[in-house]
Structure formats: structure tokens, C-alpha cells
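Visitor: here is my input, please return the structure:
(2 chains)
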Amino acid sequence: MEKILEMKNIVKTYGRVVANDNVSIDLKKGEILAIVGENGAGKSTLMKILYGLEKADSGEIFLHGQPVKITSPSVAMGLHIGMVQQHFMLFGPMTVTENIVYNNEITKYAFFDKKKNEEKVAELSEKYGLKVDPTAIVDNCPVGTQQRIEILKTLYQNADIIIFDEPSAVLTPNEVDDLLDTMKTLAAAGKSLIIITHKLNEVMYVADRVVVLRAGKLIDIVDKKDTSIEQLSYMMIGRQVANLEIVEHDSDKTLLKVENLTLGSELGKKILDDVNLYVNAGEIVGIAGVSGNGQTELIRCISGLERNYQGKITVNDHDVSNFDVASIRKAGLSHIPEDRYLWGSAREASISDNVLMGEEDSERFSKNGILKQKEIDKYADELIESYAIKVDNNKQRIRELSGGNAQKVICAREVERDCPFTIACEPTRGIDIGAMEFVHERLVAKRDKFGGILLVTSELSEIMKLCDRIYVIYNGSINYEFKNEDIDDHKLGVLMLGGKVDENKAVN
Amino acid sequence: MIFNFEYISAIISSTLRMVSPILLCSLAAALCSKAGVFNIAMEGCMMISAFFAIVVNFYSGGNIMLSVLAAIASSMAVSAILAFFIIKLKASPVVVGMSINTASSAVTTFFMYIFFKTKGLFQHPDLVGLTKITPFFADAFPDLAQMFFGLTFIDYLSWVLVVVIYIFLYKTVLGYRIRAIGINQEAAKSLGTPVETYQFVTMTMSGILCGLAGVLLSMGSVTLFIQNIASGKGYIAMTANNLGKSHPVGVFFASLFFGISQAVGSFLQQTQLKGQITASIPYVATILASIFESIRYRRLREKKIKESMKLGN
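Guide: Residues are numbered from 1 along each chain as shown, chains lettered A, B, ... in the order given. Now for the predicted structure:
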């Protein structure tokens, strides 16, 4: 096959960190090239350079054998290179059509020709089998559709090379299947695709060749048919991953009980509909679901951030229904929030200050309104040591830390807090495997000390690995409850999309 | 007897004149916020343009066309400076906007002394005000026409601009691109739109609107320049933009409300009410409207949430 793209000897450094160390790859017409590696291996950086979002320190890019300088996304688009970003770049309140044709509209005089633009989008959607409603408002579209809109955007701009950045991270297992099939269709239609991912089963399903990066270096480029998941994961990590030993526990003490929880929304729709669940001491309970099915709101209700609900919530034997956050924390709840910067920490404040947050009134850290700074710093140092947080000192600001280390600070504060029950939301989102294992160990350690944990995460593997029980949430209701022994990921996938499981446990 | 026909028609006529500057400025604010830029400097732009309208008026021997152009040009220049700080240098829009508002008051007072050797107020028989347009139905309905006497072409233009700006924002390609930038700058950038250029041009163009508003202040119902001539109208316009949700039609009705409260305020000065109280009416109305709007919004939200919990879906 004809080589259409070559990146040669790409070097990119951020300060002292070498993100890409002399990396060379090539892409053939009509192939799907997977780029795999751990978080921080340099996959995204390499693709950002190709799409003109970052500038390489040195190295060259050849398109159809001609050297090109890609200085911005518009240059990349002009060269028929498109990118489907991990975080969608959409205009939520606008229609699907308006999102796709942006910057390249069909006009009638100076006016936006609604009809013609919609026809064009419908035609494109038909041609590549990417089903969308051209007149729908993007905010009302499910995530899978939003991703299709992103793909259509690149096709509308006549992209021949399409880069997918972690495209399956936001999708359900079944949506992932659709996506992978779409990718194959596109490749068959002559498009060349690059997919960044760390999910190796997808790679084995869809890719023709695989580029493995580790710590910024190119480890190897292999043909899919000559490799295996085991070999790829060994190349990615450079060692074998240890499996956690899970000890069985039994306890009757209920730490969290949610009864008949119902929450409405401004749009006149029930976000949570009669949710019942419990967490016992010595249990890790998972909430599995496609994001946007009420998980965020469930956590907001339990932690007291949303108080306009109906139903009863009991934490550690205290009825905390419609209580404020501080009282619920006092009753015995800690919370690792979904977004570590938005909710979890103050980016401009020091590690010491962040460790103190929520505890500033306790006798240990203050007296008559005056902070005991020595005591606080001592505690911060203890946590830094026991959580192996890589920092210079406890006065460093959160924003100076890597995502993994910032997450460790938040985990340390919330998990080590003297309280029996912890909510962990996406505790390992966007952090590397080392830090991930560490956070998992700490959660399990808390459980082993008869704490209770409610784990809400979009990483199915995390749920499968840690949880004693799993609730499946769909459209604001608990759809099913799995006990540890009968967890099955295919069934889980069907349930997450609203499917039903009958008495004989057959999947409909 | 206060509530006779003449009195009411006078209030309406006064309202119509009060509305225009607020409407023009809130349309300027609406354009900027649709493009994703926060503009609070309408007050300053109005003052500067009102001042330069008078300066050129005086030195050109009362040439109205030149005065209006000078006002627009000066207001655009101030808006461009504002845009440069906010968009290119990423300065805080509140800090820069406030500085421009305060500086405009000082600069006009200072130059008033330089040009006219006077402090506080400048009035001169050579100054020519905007031509008042006699309504075409003046002969047929003299009573009705009375309400429209005293309006200038800029007042009528401001109503036309509501429609023009609505069509521009919601029907043209350029307007659609600007709205998209306001919704998600990053997305617009990722599609190769020069976002900063669009924002810069939008903000500078919004200066035209503030410039017209300025002309109305110094050459509309009265022809003079007085220290702090905008007297908070720019801030009221900011609130009108907020209440009108940055939609041209919404902004029109919000401005109308504030125009009425200003007119009522100035008319009550002729009664026994204390001057301080009547003068504060437009501002109190602004605060009350903001509070009312936020309460209404919260109620609506809570009501919808409660209803949705009762329903079956």
C-alpha cells in the first residue's frame, strides 16, 4: 500500500520532560494505525503535533512524500487531516447541521441556507452510514451521536487522514462496537485512520498495525496479526501488572442507605427515579453506567450538593435527608469528586491548604479560630510520605503537580479522613497505571478496615476489579444489581444501555 | 389633576427619548456577549462620544453629520482599545471596563477645560442639536403625533437596529459564526476560525452603537455637554442586556422598561416628592428588576423540578 504520511524523528520537550523522543511513524492509505501506550507515553503529543495543536522541537512531516509544515489546525484541515478530539468540540445549543458545516457553510447571499446545509449533512450521513438527525439540537444528543457528529465534521472537511483520540473512553461497550465498525467502513472507503488508545482489545479488533510508545520513546511498530494483547501490554508497561488480592468480608452494619430517591430537572424530566441502594461496612459497591444517566446527580444528592430531592438518605445511621454538605460530612462521609480541579481541590492553594480543607474547624488543626500551622504541615508531610506523592515540599501549589499527584493529594485527604464511608468518583481518571494501582490499594485497604466505599466510574475494568457488588444505573433508575460472583461484562454492557435480564439470566 | 391625556402623552414621549440611548448600548452589550466578550464600558464609550460630538459640533459651526461621525469614530476607538486589552492581552474585562469608564469621565472633564475653558457644563448658542423629525401622521392624528415630537433620526434608527441585529445574528452566516464563538470558543478555534479577530471586530463595531447613544445624550433633547453626562445609563444598559438575555428583542423590552422608569422618575420631580427620591427611581428599578428576575428564574426552576418528580416520565 502507498505511504501517505510520514513523521520523522519527532522531538518534543516540555521543560525537562521529553514527551516525544525521536519518534518516527508512517501511515498507509486505507489502513488503521493504532498508537498505544500508558498515560504520559506521548501518544497525544505526537498527534497534537500532526494536527498543528503543538509545535515539534525538531523533526519533519511528509505528506504524499512532500515535506509540510503544520502550524495550526486550519493548516492541517487544508491538508485534509482531521481529528476527533477526546473532549468534544461542539456548540451545544446549536443544531447538528450548524455544528458540522461551521466555517464552510453553504450561503445564499450573506444568509445561512438552512435547507441546503441540512441536505448536505443528510447526504454525508447517508454516504458513510453515520446516522444523525441534521435538525436535532446537539445538547439533546447522546454521547455516541455527538461523536458521530465529530466524525462527520472531519468528513465534511474532506479529511483523508482522521485521528481519533481515545474515542471509546466515553462510550458504552455497544457504542464502542458501532464505532469500531464505523472505523472499518471508513478505512474501506479509502480513509486512513490513526487511533490513540490504551484499550488493547479494541486494537486487536480494529487495527492493521500498532505503534507502541513508552515514556516518549518508540518501542516498536508491529503488524496486528503478529502480536497479542499480552505482548503489547508488556511492551507498553515494561513489566507485568499485579492483580489485587480481594479478601471477602461480611458485615451487617449499613453505612449508606438510599431509599426512594427521586430528583427532577429543569427540563421536566426525572433525572433520578426511585433509586434504592445500600453500602455495608467492608464493601466496595460500584455504580456502572454510561455517563449522563444520573450518576453525577446521585452523588450530588448523597453528598448534599443537591438538596431539592425526595426520598431518604441515611449515612452511618444518621438520617441526612436534605442536609447540607458540612453536616453530612460530619455524619461520616468523605468524597473524592468527579473533577479533581473543579470540585476536588483549589489549584492555586498549597498542598497543606488542600489537605486541611473541610477539617479547618477540627480541634486537631485549629483553636479559637487560629490555625495550628505546624500541626497541619506535619499532617500534610505524613500524607505526602504515605501516599508517595512526588513533590518538593508541602507548600507547592496543586497546579504545579501532575494530574496523578494532584489526584493522590485528594485521595489522601478523603480516604484518610476519620470517617467510615467514602464516595469515590472516577478516582483514577487520567492518571498513570502506577498511581492507579496505588489508589486502588488504598481503597481496598479502607474496605479491609471495615469502611464502605461507593465507587462511581466509567472504567468498567475498575469496577470489575474492585467491587463486591455492582448497581447498574440507566436513565436515572437502578436497572440491576450484580453480586460479585455473577458479574459478566457483556451482560453489564447490555444493562447499561437499558436492556433487561430475565430470571434465567439470559440477556435479551 | 396629574393623569390627564397631556400628562400621559408627555410621559410616553419622554420614555421614547429615554429608551434610545439605553437600547443602543444594551444592543452593543448583547452583540459583545453573543461573541463571548464581556463589555461593561458602554458608559465610557457614551461619554467620550457625547463629548467629541460637541467638540466637532462647535468647531465645524454646527455640522451635524461631522459631529455624528466624530462621535462614532471616538467611540469605536475607545472600544478598539478595550478590545485590545481584553482580547489580545487577556486582561480582566471588568477591570479594563471600569478603568475606561472612570477615565472617560476624567478625560472629558479635563478636555472640556482645555477646549472650552469651562468646568462642569458647556453650552453655547452656536451648537446645533439633531433635527427633530415631525411624524408623517402629524396632520391626521395631532394628539398621537405629539408623543413622537422631539424624536431624532437616531431614535428611529435604534428601533430599526433591533430588527437588523436580530437578522444579522440569527439569519446571516457571519452572525451564526459569532454566536458559535460565544457558545464554545475552543470549538470554533478548532475549526480554523480566527476567533480573536471576530471578537475584536465585533467589539469595535459595537462602539458604533455606543457612539450613536452618545450623540443622543449631548445633541438629542438638549444640546450641551455636562460632566458625567452618561449618568449610569451604560450600567443600566448592562442590566438590560442581562434581563433581555442578550437577545435583541428581549433587550428591546428590557430597555423599554428602564426608559419608562427614567421618564417616570423625571416627571415625579414636578411633584412634592423629594428630588433625591425621584432621581433614584431608575436605579432602584434596575436593582428591583434584577432581583425579581433572579427570583423568577429560581422559582421557575424549582417549580419545574417539583412537577417533574410528580410526573410519570
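Visitor: residues from the stretch 101-250 of chain B in reach of chain A?
Guide: Applying C-beta under 8 Å from any C-beta of the partner chain, one finds that the stretch 101-250 of chain B approaches chain A through B:171-174, B:176-177, B:179-180, B:183-184, B:186-193. Just so you know, the C-beta spots here come from the backbone N, C-alpha and C atoms, and that holds for glycine as well.
Visitor: can you give me the end-to-end span of stretch A:451-465?
Guide: Distance between the boundary residues of stretch A:451-465 (C-alpha to C-alpha, to the nearest Å) amounts to 18 Å.
Visitor: off-centre distance for that stretch?
Guide: Distance, stretch centre to chain centre, for stretch A:451-465: 13 Å (C-alpha atoms, centre = their mean, to the nearest Å).
Visitor: give me the mean pLDDT for that stretch.
Guide: Computed over stretch A:451-465, the mean pLDDT rounds to 86.
Visitor: likewise for stretch B:236-248?
Guide: 93.
Visitor: how about the strands of the stretch 51-200 of chain B, start to end?
Guide: With strands called from DSSP state E, counting those that start in this stretch, the stretch 51-200 of chain B shows them at B:121-122.
Visitor: so where is it shaky, pLDDT-wise?
Guide: Low-confidence segments of the stretch 51-200 of chain B, defined by pLDDT under 70, are absent; every residue clears the threshold.
Visitor: now with 90, please.
Guide: In the predicted model, the stretch 51-200 of chain B carries pLDDT under 90 at residues B:119-120, B:132-150, B:186, B:189-193.
Visitor: what is the neighbour count of the residue in it positioned nearest to chain A?
Guide: Going by C-beta to the nearest C-beta, chain A is nearest to B:Gly192 of the stretch 51-200 of chain B, at 3.2 Å. Taking other C-beta atoms under 10 Å in any protein chain shown as the neighbour definition, B:Gly192 ends up with a count of 19.
Visitor: for the closest residue to it other than its chain neighbours, grab phi and psi.
Guide: Leaving out its chain neighbours, the residue that sits closest to B:Gly192 by C-beta to C-beta, 6 or more residues apart in numbering or on different chains is A:Ser74, at 3.2 Å. For A:Ser74, the backbone dihedrals are phi -70, psi -40 (criterion: degrees, to the nearest 10).
Visitor: likewise the one 5 residues further on?
Guide: Backbone torsions for A:Leu79, taken as degrees, to the nearest 10, come to phi -90, psi 10.
Visitor: list the contacts of it.
Guide: For A:Leu79, the set of contacting residues under the criterion of C-beta atoms under 8 Å, 6 or more residues apart in numbering or on different chains consists of A:Leu63, A:Val68, A:Ile70.
Visitor: relative to B:Ala237, how far out is it?
Guide: Here the criterion is C-beta to C-beta, to the nearest Å. By it, A:Leu79 lies 46 Å from B:Ala237.
Visitor: with A:Leu454 instead?
Guide: Counting by C-beta to C-beta, the gap between A:Leu454 and B:Ala237 amounts to 49 Å.
Visitor: quick one, which of the two is more surrounded?
Guide: Higher neighbour count among A:Leu454 and B:Ala237: B:Ala237, with 33 against 27, using other C-beta under 10 Å.
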